[in-house]
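would you be able to build a 3D model of this:
(chains A and B)
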Amino acid sequence: MNLTNYLVLSGILFSIGSATVLLRRNAIIVFMGIELMLNATNLMLVTFSRMHGALDGQVLAFFVMVVAAAEVVVGLAIIVSIYRTRRSASVDDVNLLKS
Amino acid sequence: MSPLAAHLPAHLPALLPTALPAAVDTAGRASTGEAVLFWVLAPIMVIAALGLLFARKAVHAALSLIVVMISLAFMYVTQGAVFLGVVQVVVYTGAIMMLFLFVLMLVGVDSADSLVETIRGQRWIGVIAALGLLVVLGGVLLAATYPVPTGLGEANADSNPVGVAHLIFSDHVFAMEVVGALLVTAALGALVMSHRRRLTPKRGQRELADLRVAGGHHLAPLPAPGVYARHNAMDVPALDPYGNPIDSSVPRVLRVRGQEADANEYAARIDRVLAGGAARDVTPDPELATTPGGSAPPDGAAGAGTDGPTTTGEEAR
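Below you'll find the predicted structure:
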């Protein structure tokens, strides 16, 4: 099996994640779409690391995971605080903030 | 390993431990076992990712994302990234997705997606953009020429976590420090953002009790549901000293749903038992009524209606 298969799979997952971000309205599901995109990138990094026989790709994927954890903490705190004031987790309602 | 190694040529046992994970042959192709694993996992992952896209309920979306993440952990391990595979399960699936589920439960599981388009045609634009991204990514990935894969056998020589740790704490040590600062900042930021200043004075037990007395509400706990000889579930109301059912003794949810049982029926049974009659009753069973010499005939004869037990109860009284 060619290693390109992993890369194509990663591309498919990335596109599905971006479609989730574009199409869904629930802020939490949009967030999960971003997580899916990060995961797809990690798969690609790991595959490239194997192709080149160097571990730098894995180190980068590790940093992506750590940053994703930090991002999720902050993002979910924002969602919860918006939900408290607006009683809604829909991304459409957030534009009311601009008034 | 050792009984297996005894049958192998002398140079193979030394190769085996490094050759198992992430091995590629000289043409840069992965083993058949890995191909099987890939073709089993890849459809599952794509279907689960589509589940994230199409699931109506947010919890289902979260569960399908968990499936994707665990499959990814499998792939990392097969590709020689053992450390990342474990971190994927522990951090992503164990911590991040659980945080997602926690917030889902907090925000309300059944907050449905609104289907109103605020931007006209946004859905189609989104679909086209995603498909375009897929085509571009697939085209680039398939058209590019890659070097012959070398595999991680050499890099993972003294185990994968050791190799990754050497890199993290030598070349990337500054990034490591920055990431640590980022994590602390993120934790503080989450604390600050989810903190809510108390605008009203705190209501303790004493204030609540005073409110209750002032408002003329129930001072004691609400009456418990009824306990009868043959039924003591939550759905039967208790009887007050005059024999009338107390509505507030049944949980409000059951009352709203109309699942409250009729207390008179159970009270009638008690009356009947006290009067020395048989406890069995209610549903007039045609088979019982026709059996000769059974204990049922009096009840059955009283009338095949539901008011049979009540009438006997009245008579006994």
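
let me know the secondary structure of A:R84.
Here A:R84 is helix, with the state taken from DSSP: H, G, I helix; E, B strand; the rest coil.

can you map out the strands along the stretch 151-300 of chain B?
B:238-239, B:245-246 (DSSP state E, counting those that start in this stretch).

quick one: the spatially most central residue of chain B from chain A, how far?
Residue closest to the mean C-alpha point of chain B, counted by C-alpha atoms, centre = their mean, is B:V59 at 6.9 Å. Per C-beta to the nearest C-beta, to the nearest Å, B:V59 is found 10 Å from chain A. Every C-beta, even on glycine, is put in place using the N, C-alpha and C of the backbone.

and the next helix or strand past the helix or strand containing that residue?
Per DSSP states H and E, B:V59 falls inside helix B:58-78. Using DSSP H and E, the helix or strand that follows helix B:58-78 in sequence is helix B:82-87.

looking at the strands of the stretch 151-300 of chain B, which is closest to B:A214?
For B:A214, the closest of the strands of the stretch 151-300 of chain B is strand B:245-246, at 24.3 Å, according to C-beta to C-beta.

show me what that closest one is packed against.
With contacts taken as 3 or more C-beta pairs under 8 Å, 6 or more residues apart in numbering or on different chains; DSSP states H and E, strand B:245-246 sits against strand B:238-239.

of the strands of the stretch 151-300 of chain B, which is nearest A:L55?
Comparing the strands of the stretch 151-300 of chain B by C-beta to C-beta, strand B:238-239 comes nearest, at 70.9 Å.

average pLDDT across the closest one?
Per-residue pLDDT over strand B:238-239 has a mean of 84.

where do the helices sit along chain A?
Assigned by DSSP state H, the helices in chain A fall at A:4-23, A:27-52, A:56-86.

tell me where the model's unsure across the stretch 151-300 of chain B.
The stretch 151-300 of chain B contains residues with pLDDT under 70 at B:278-300.

for it, which residues are neighbours of chain A?
For the stretch 151-300 of chain B, the residues found near chain A under the criterion C-beta under 8 Å from any C-beta of the partner chain are B:151-156, B:160, B:163-164, B:167-168, B:171-172, B:175, B:179, B:182-183, B:185-187, B:189-190, B:193-194, B:196.

repeat the analysis, applying 10 Å as the threshold.
Within the stretch 151-300 of chain B, the residues that sit near chain A (C-beta under 10 Å from any C-beta of the partner chain) are B:151-156, B:160, B:162-168, B:171-172, B:175-176, B:178-180, B:182-196.

lowest average confidence, helix or strand, in chain A?
None of the helices or strands of chain A scores lower by mean pLDDT, DSSP states H and E than helix A:56-86, at a mean of 89.

got the angle for that helix vs helix B:58-78?
For helix A:56-86 against helix B:58-78, the angle by axes from the mean of the first three to the mean of the last three C-alpha atoms, to 10 degrees is 170 degrees.

helix A:56-86: which residues count as buried?
A:56-83 (16 or more other C-beta atoms under 10 Å in any protein chain shown).

could you redo the helices of chain A as JSON lines and give each row distance to B:L63?
Below are the helices of chain A laid out as JSON lines (distance: least, C-beta to C-beta, whole Å):
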{"stretch": "helix A:4-23", "distance to B:L63": "15"}
{"stretch": "helix A:27-52", "distance to B:L63": "11"}
{"stretch": "helix A:56-86", "distance to B:L63": "17"}
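
do you know which of these lies nearest B:F38?
Closest approach to B:F38 among the helices of chain A (C-beta to C-beta): helix A:4-23, 6.1 Å.
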